[in-house]
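> pasting the sequence and the predicted model now:
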Amino acid sequence: MSSRDSSTSSGSRQDHARTTHPLVTYLPSPDTSFSDRKQYRSILLANGLHALLIADPTDQSAVQPGQKQTAVDMNRFHTTSSSVSSDAEESYEADHEQPKSETSFRSESDDEGSDSANESIIIDEIEGEKLAAAALCVGVGSFNDPRNIQGLAHFLEHMIFMGSKKYPRENEYDSYISKCGGFDNAVTDLEETTFYFEIDEGHLEGALDRFASLFTEPLMLRDSVCRERDAVESEFQTNKNRFSSAREQLVASLGREDHPISLFSWGNLETLKKNITDDELYMELHNFQRRHYSAHRMHFAVQARMSLDELEALTVKYFSAIPSNWLPADNLSSTFNETNAFRTDYYRKLYVVKPISDVCQLDITWCLPPCVKDYQVKAIDYISYVMGFEGKNSLTSYLRKKSLALDVHTGASSGFEKNSLYTLFTTSITMTDHGLDNVDEILKAVYSFVRLLKRQGPIEWIFKELQELEATSFRYRKEKEASDNVEELVVNMRYYPPEHIITGSELYFKYDPSEIWAVINNLNEPKFNLMISSTKPFRNVTYNRTETWFGTEYVELGMVQMHHLIVVAHEFLTFLFTTDVPEEWQRLWDTAEPISEIQLQGKNQYISTNFTILADIADSIEIPQYPEKIVENEMCELWFRQDTKFRLPLALMYFYIISPLPYNNSKSSALAGFFISMVKFQIAEELYPAEVAGLNYELYPAEKGLVLKIDGYNEKLPIIVDEISATMGRFADIFSENVFDVIKVKLEKAYYNELMKPNKLNRDVRLKLVQLNHWTTWEKFEHMKNFTANDVRQFAKDFFNGFKVQALVQGNMHREDALQVMHKVLNNFKGSPIADIKSIESKTREIPIGENYLRVSNFREQDVNTVTTTFYQAGPVTPFLHACLELLVSLLEEPLFDVLRTKEQLGYDVSTTLRDNAGILGFSITVHSQENKFSYRYIDERIELFNAHFVQVLHEMTDKDFELVKTSLKHRKQVIDTELKNEASRHWGEITTEEYIFNRNKLEVEQIEKLSKLDVSQLFHRLVVDSSSRRKLCVQVVGNNEKSSEENVTLPTSKVDTYHRTNFRLNYIDAEVQLDDSSQHITNIDTFAEQLKVYSMVKIDFGAVN
């Protein structure tokens, strides 16, 4: 239980009809949202474990929002919006609008709701399925790592899963969860470690039994210890090329050596093997577990459609046995805090970093007192909101208009930035090249804003507006998936009193200007650090230092040195001042003056005030179960459904603007991305207040055009649609050459960074062969370098000279609203229909019978990571084939992970996926490995040996186990949608693929029910075992083997620094290797593809005979 003062509670309450238990202490139940139907109970077990029980009553009663336990008085308690720093290497083009099954089998997007939904609330909740979930949080993390075994807390997180005394089989827990239709995961943060799982609720007790046993008597055998540290190494290598991870570790390395901030939390073979004996590691691991994994330092949350008494009984039964040593946690804050986290000169330095990715970023970081206890005022979040505002007259707007920056992110969000020892408040600025050349202008703007904060002080009306925005968001809170809910709440339990477990992280409780003033005053102290991360060299610096773990190159400069680099770089300065006294730099800070273009934000005009629910419950009988097509002509196809299920003032509007241009050639595909990026840049300032007010939009390129998605409070959604579509329609008239130049560089960098990721390259290579008209990142990158402003302007005109819109409007809207919105969109676009819409039909190539290998080198020459995807093509979709493949993948998942990941340690990421390419099905096995550990040929061999092993697994599988997996798969397809967006996403998939099978899940369940083990065995034999029918495509992006070619792979600095002059060409591997007649190495994708049979798009027909 948290030791915080809970006097600020809105009034504790106990749940209804509680049965008193002698081994349980009952704590105040948490305050909840008006829209939350769940029931909660907070208890403390005799061993000190604090548990939160969450009963989902959807199959117990037709409880409506606000009718059960006392909800929070929203006039008294309010929520926060924290700024979150973006990852500079975030993908420009996400994998949107992919075929339904072109996603990982482990993906939560597969856990879709029942298609028999929507008749009425009561029918929905009785007939659907829901998944149960549980999470356990231990109050220890990487801050507690011993100096001589860094990464031990993370390693222990891995080892906990390796069997228990009660269930000694190493993969028993994972196997049970997987067979019962669930998934599990864990995460190690700096001050806590969280374990969680989600499962078919009928098997919750068995899962809790196995889960609790891992903490009661974990085995952590010597053999497992020696193997699993390889998984930690693999995980580290997989993440080693992520800029955000490397930057965080670099900042950590600059901390004082005795402070926990400086620890290497990942761990790898060097810390877990080279610097310690196996016996020492085994002993220290068990000592660490016994010391810190004590029940009194654990919090547990469980959610299911069971009564609170039933959940309490299960919790007492299985978690009371976890031992408690009653030792206090290490009191790190008594010795370590923000004042001693970094060396004194850290705040007088500029660090210039050579990043692994192509970024250009300035980070200004203040180390402030910890703020985790400041949950009622949230002063840090208030300042983040004000400073990170992107609307008119904002700091971001000013920097964008001056072409100095693209984005500004402020605040502290991750455990590394915000914990009980310190707060790292960072203003992170994504600079343009012009900004990099004029860093002093950016700093003047930032300093001016910091001074503005002090001149203006806390603004009560801004706080109240933010308070009300977050209060409204909380009041109409969408239901979360069970696993997400327990994972979040179990961490909250550590930081908030029982009654504020739900509200503590979200609501602004009170306005206290003194706490806000404390933050403002700290920011106005010249005690901050500057870090510039840029692939393009910053002036003439020479990198002379290397961070130990990630190998990041950087140079440390005093402030005066930095000033002179800016002022006199044109003189090719070679002598650097050695003094650290920042006289010139101090003058820049001291003389910061107001900038008239930078002001605090005004009143938000996009805030909704009308939250009326338009459809009565009685209307559910009249309203169709699925979306209705209310308009169809040569220009548009509009589908509509008014919501009667979720009963929240929310709606969404999705538009797929189809055009032949992006589909027909790679240049137009790249131009579509350019066009969209410029549109988003143009509307960003105007619509940022709308986003703050809960009106969200996405705009991105897709295979056959552009997608616009808008969702949020329904009252003002039509305004957002109108503004975005109007900007798109008149784009040529408002075209800006300056914006073009900025976006071009941004996209070149984004494409370059995508090409550096082996998993993205693997996908591109595979789809380039399998799908017609799949335009790869490297093709679009080549076009991007040569685009002119006129190219983009002309594309915007041509795009609407032949288009059609597919649209879905769903939620708290009237039919007339949908019609009016569609009319405005078409009027704004002012175009003509597509002459021949069949010309843009998706098509797929048939993989030849035999073993086909497509192996290429990783574009990042010093990257050891190899990604292998072995794809087995099955053929055109039928109801039987799709169901059988889904069941096959379900059966494959656990043994695949157990053999290739756990036992053989081939790589950290091992998965199996059902593939659907325009109605041509198949499945794949993917392994992420390191080339300096296992060669790509070895990985291919192990996958094939696993396949032979799986034949035996299927043969020996009992009928009971087979039916268990089958039933769990059926239940996953019957899971109730937890929010409107989940339901609408399924409908949207049916509309964009033009299949319109809105009850697909129900039909698929019927097909799965018919399947036998023989059906699956025969399919696997045809696709994988039988060489006369096997259509195998092994795609491998091969990393560098440091053992053999270390001297030959040094990446020239010029290659990275001049990305715009880089020409990406696939380097095919094993081109000269001779194989047997049934196998071949592909040495040119285009040439090979020309010989292959092509399938037109195939749509499933549930009425056909299998």
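Happy to help now that I have it.
> outline the domain layout of this structure.
The chain breaks down into these structural domains: 35-62+131-330, 334-480+496-590, 617-840, 843-926+936-1053+1068-1096 (assignment by automatic domain parsing).
> show me the one of the ones you listed that comes nearest Lys603.
domain 334-480+496-590 (7.3 Å; CB to CB). For glycine as for every other residue, the C-beta is placed from the backbone atoms N, C-alpha and C.
> and the closest one, how far from the chain's centre?
Its chain's C-alpha centre and that of domain 334-480+496-590 lie 23 Å apart, by CA atoms, centre = their mean, to the nearest Å.
> cool, and stretch 43-57?
Shown here is stretch 43-57, whose average C-alpha point lies 29 Å from the average C-alpha point of the whole chain (CA atoms, centre = their mean).
> from here on, call the first residue 42.
Shifting the count to begin at 42 puts that one at stretch 84-98.
> picking that back up, of the domains of the chain, which shows the lowest average pLDDT?
Of all these, the minimum mean pLDDT falls on domain 375-521+537-631 (a mean of 89).
> measure Asp480 to Ile639 for me?
Not Asp; residue 480 is Val. Val480 sits at a distance of 17 Å from Ile639 (criterion: CB to CB, to the nearest Å).
> related to what we said a few turns ago, dump the domains of the chain to TSV, plus mean neighbour count and distance to Tyr647.
Supplementary listing: the domains of the chain in TSV, determined by neighbours: other CB atoms under 10 Å; distance: least, CB to CB, whole Å:
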stretch	mean neighbour count	distance to Tyr647
domain 76-103+172-371	20	21
domain 375-521+537-631	19	10
domain 658-881	19	4
domain 884-967+977-1094+1109-1137	18	20
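> would you turn the ones you listed into a markdown table with distance to Ser70?
Shown next, in a markdown table, are the domains of the chain (distance: least, CB to CB, whole Å):
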| stretch | distance to Ser70 |
| --- | --- |
| domain 76-103+172-371 | 5 |
| domain 375-521+537-631 | 7 |
| domain 658-881 | 23 |
| domain 884-967+977-1094+1109-1137 | 22 |
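> quick one: which of these is nearest Val531?
Within those, the stretch nearest Val531 is domain 76-103+172-371; the backing value is 4.1 Å (CB to CB).
> now do the closest one: distance to the chain's middle.
Computed by CA atoms, centre = their mean, the chain-centroid distance of domain 76-103+172-371 equals 21 Å.
> what about that domain, start to end distance?
From the first residue to the last, domain 76-103+172-371 extends over 40 Å; the measure is CA to CA, to the nearest Å.
> wait, what's in contact with Asp782?
Taking CB atoms under 8 Å, 6 or more residues apart in numbering as the definition of contact, the neighbours of Asp782 are Ser444.
> does it belong to a helix, a strand or coil?
Secondary structure assignment for Asp782 (DSSP: H, G, I helix; E, B strand; the rest coil): helix.
> quick one: Asn974 from Gln278, how far?
I think there's a mix-up here, since residue 974 is Lys and not Asn. Applying CB to CB, the value for Lys974 to Gln278 is 9 Å.
> list residues touching both of those two?
In contact with both Lys974 and Gln278: Val905, using CB under 8 Å, 6+ apart.
> that's a strand at Asp1056, yeah?
No - the secondary structure assignment for Asp1056 gives helix rather than a strand, going by three-state DSSP.
> please enumerate the strands of the stretch 92-241 of the chain.
With DSSP state E, counting those that start in this stretch as the criterion, the stretch 92-241 of the chain has strands at 172-179, 224-229, 234-241.
> how about the ones you listed, which one is nearest His855?
Once CB to CB is applied to the strands of the stretch 92-241 of the chain, the stretch that comes out nearest is strand 172-179, at 33.8 Å.
> next, the angle strand 234-241 makes with that closest one.
Orientation check (axes from the mean of the first three to the mean of the last three CA atoms, to 10 degrees): strand 172-179 against strand 234-241 gives 170 degrees.
> just checking, what packs against strand 172-179?
Contacts of strand 172-179 with other secondary structure elements, assessed using 3 or more CB pairs under 8 Å, 6 or more residues apart in numbering; DSSP states H and E, are made with strand 234-241, helix 245-257, strand 339-345, helix 523-536.
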